[in-house]
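A.B. asks: The sequence isn't on hand, but the structure is:
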């Protein structure tokens, strides 16, 4: 029951963040990477299985609710988030949290752009500078947000 509630909370957070970013300019979603942020945070807080469910369901919900990307890119978004969940869950056990977040985002971005090039024959490298800013923000924010969530859950238990 707790996993189901946690999954619903992560999905609702993901939809809310995507909606807020969707309301802003296009470059904002490249800075913040809301789906990646929520997926990574769910992996860090609840493990791979919850993160994988978030990675597979969140792009579908975002597409249905916001239509923020072309339907042909749905599978690529799902693959990218699922791959991020897998890489982060593997690296988080082996290195410090900020380094695991940094490396998993970079590995995921490179693999996803390679897959995009193979299947869609297009890569927009102009987005690289925005991705680097988003990478920096996520590397700094994710471990801090996780610490806050863990502290707040410990306070609630008392």
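C.D. replies: Yep, that arrived. On a predicted model such as this, the values are computed, not experimentally measured, just so you know.

A.B. asks: max-length helix in this structure?
C.D. replies: helix 128-157 (DSSP state H).

A.B. asks: Helix or strand: which one has residue 58?
C.D. replies: Element membership for residue 58, per DSSP states H and E: helix 48-66.

A.B. asks: by contact count, what packs against the longest helix of the chain?
C.D. replies: Contact analysis of helix 128-157 by 3 or more C-beta pairs under 8 Å, 6 or more residues apart in numbering; DSSP states H and E lists helix 26-32, helix 34-46, helix 97-120 as its packing neighbours. C-beta coordinates here come from the backbone N, C-alpha and C atoms, glycine included.

A.B. asks: Was I right to think residue 76 contacts residue 118?
C.D. replies: No. Between residue 76 and residue 118 there is no contact under C-beta atoms under 8 Å: 10.6 Å.

A.B. asks: re the thing from before, check which residues of the helix holding residue 58 are buried.
C.D. replies: Applying a neighbour-count criterion of 16 or more other C-beta atoms under 10 Å, one finds 48, 50-59, 61-63 buried in helix 48-66.

A.B. asks: which strands and helices sit next to the least confident helix or strand in the chain by mean pLDDT?
C.D. replies: The least trusted helix or strand in the chain, going by mean pLDDT, DSSP states H and E, turns out to be helix 26-32, with a mean of 74. When contacts are defined as 3+ C-beta pairs under 8 Å, 6+ apart, helix 26-32 packs onto helix 2-23, helix 128-157.

A.B. asks: if you skip the residues just before and after it, what's nearest to residue 84?
C.D. replies: Distance criterion C-beta to C-beta, 6 or more residues apart in numbering; nearest residue to residue 84, sequence neighbours excluded, is residue 108 at 4.3 Å.

A.B. asks: so where's this protein shaky on pLDDT?
C.D. replies: Within the chain, the segments meeting pLDDT under 70 span 30, 123-126, 154-158.

A.B. asks: Can you report how many residues lie near residue 26?
C.D. replies: 11 (other C-beta atoms under 10 Å).
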